[in-house]
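Visitor: my questions are about this predicted structure, shown below with the sequence.
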Amino acid sequence: MNTEFEIRVPKDCLLFDQAKTLSVEVIERVEYIEDRLSRFIPSSDISNINHLEPGDHHILDPYTFDCLNKAIQANLLTDGYFSVQAGRFDEELQLGLGAYLMHEKDEAISCLEKGRSFDMGGVGKGYALDCLTDIFEYWEVADYYVSAGNSTILVRNKSLPSWDLKISRSYHHQLELTNATVSGSGDRKNTQHIRRPNNAKRANESIVPTWVQCESAAFSDAFSTACSLMNTEQIQKTIDLAPFNIIVFQERQGKLLEYNKKEL
């Protein structure tokens, strides 16, 4: 994932040795997930998938299988604007998306037609944060803040008030987060990692600074990338279709706009 992870917990919630052990467990969990999801690691699940030939079959680690399923769901909910197969290399742009089949029973994947490489960069950081919550539950830490590169943040708070988080350098908007996640994409100084999937309908040509708040870091990560490419109508459609609550913030037309799920 090539990023820094940060942990914050209330002072004196753990003894020093306990906090040290918790930190080690968090690091080990993140490294374990990266070893499965990174396309840069030759032995990872994603590298193995990227080398499958038609007819090949690969059994996945449960984390990889779960993350891929969430990526598929995000792809469907965003009408293709989020894709872990969105071409990142010019030499791949002429290739199709390929066809792969997920096997629920075996937690495996088969290659039906070879296509572009998989890249979990748009969902992996958030997914890793989601996978840390059971460690904090084990240590009975009810209030904590974890972030991945400051672009995706997960907070849980039971006894403490909301965590205050500023978004948007231009408008200094402050969110009060309670048991939620937030991810940002489309910062004008950092857009090289964003590519528009070829199967997505082009609504606008610019990348708009976008922040997404929801319960899952994996989905806030994926949806912030997708929504940074959408127009306002597509954002609202995506929010309304999602089976969970999403709030989208965007710098647009000289304002910081907020989009919520419409009440039925």
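Guide: Great, that's in hand.
Visitor: for the top helix by length along the chain, which helices and strands make contact with it?
Guide: Counting by DSSP state H, the longest helix found in the chain is helix 16-37. Other helices and strands packing on helix 16-37, by 3 or more Cβ pairs under 8 Å, 6 or more residues apart in numbering; DSSP states H and E, are strand 5-8, helix 45-50, helix 62-77, helix 124-130, helix 133-138. For glycine as for every other residue, the C-beta is placed from the backbone atoms N, C-alpha and C.
Visitor: just say helix, strand or coil for the residue lying closest to residue 7 once chain neighbours are set aside.
Guide: Here the nearest residue to residue 7 in space, its sequence neighbours aside, is residue 146; by Cβ to Cβ, 6 or more residues apart in numbering that works out to 5.3 Å. Residue 146 falls in the strand class when you classify it by DSSP: H, G, I helix; E, B strand; the rest coil.
Visitor: roughly how far apart are residue 146 and residue 64?
Guide: 21 Å (Cβ to Cβ, to the nearest Å).
Visitor: what do you get for residue 12?
Guide: When residue 12 is compared with residue 64 (using Cβ to Cβ), they lie 37 Å apart.
Visitor: more neighbours: these two, which one.
Guide: Neighbour comparison, residue 12 and residue 64: the larger count goes to residue 64, with 24 against 7 (by other Cβ atoms under 10 Å).
Visitor: OK, contacts around the more buried one?
Guide: Counting by Cβ atoms under 8 Å, 6 or more residues apart in numbering, residue 64 touches 36-37, 45-46.
Visitor: could you redo the last one with a cut-off of 6 Å?
Guide: 36, 45 (Cβ atoms under 6 Å, 6 or more residues apart in numbering).
Visitor: how much space separates it from residue 56?
Guide: Distance from residue 64 to residue 56, by Cβ to Cβ: 16 Å.
Visitor: what bits of the stretch 1-150 of the chain have low per-residue confidence?
Guide: 86-97 (pLDDT under 70).
Visitor: how about 90 then?
Guide: For the stretch 1-150 of the chain, the stretches flagged by pLDDT under 90 are 1-3, 11-12, 80, 83, 85-99, 113-117, 149-150.
Visitor: identify the residues contacting stretch 172-185?
Guide: By Cβ under 6 Å, 6+ apart, stretch 172-185 touches 151-157, 162-167, 210-213, 217, 220-221, 224-225, 228, 256.
Visitor: just the residues you listed: which are in helices?
Guide: Using DSSP H, the contacts of stretch 172-185 in helices are 217, 220-221, 224-225.
Visitor: quick check: the two most widely separated of these?
Guide: 217 and 225 (13.0 Å; Cβ to Cβ).
Visitor: alpha carbons only: can I get stretch 138-152 in PDB?
Guide: Only the C-alpha atoms of stretch 138-152 are listed here, as PDB (Å, rounded to 0.1, in the frame of the first residue of the first chain):
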ATOM      1  CA  TYR A 138     -10.000  -7.600  21.700                       C
ATOM      2  CA  TRP A 139      -8.100  -5.100  23.700                       C
ATOM      3  CA  GLU A 140     -11.400  -3.400  24.700                       C
ATOM      4  CA  VAL A 141     -10.400  -0.100  23.300                       C
ATOM      5  CA  ALA A 142     -13.700   1.600  22.500                       C
ATOM      6  CA  ASP A 143     -12.300   5.000  21.300                       C
ATOM      7  CA  TYR A 144      -9.700   5.200  18.600                       C
ATOM      8  CA  TYR A 145      -8.500   6.800  15.400                       C
ATOM      9  CA  VAL A 146      -6.600   5.100  12.600                       C
ATOM     10  CA  SER A 147      -5.600   6.500   9.300                       C
ATOM     11  CA  ALA A 148      -3.900   5.400   6.100                       C
ATOM     12  CA  GLY A 149      -1.800   8.100   4.600                       C
ATOM     13  CA  ASN A 150      -4.200  10.700   6.000                       C
ATOM     14  CA  SER A 151      -6.400  10.100   2.900                       C
ATOM     15  CA  THR A 152      -8.600   7.500   4.600                       C
END
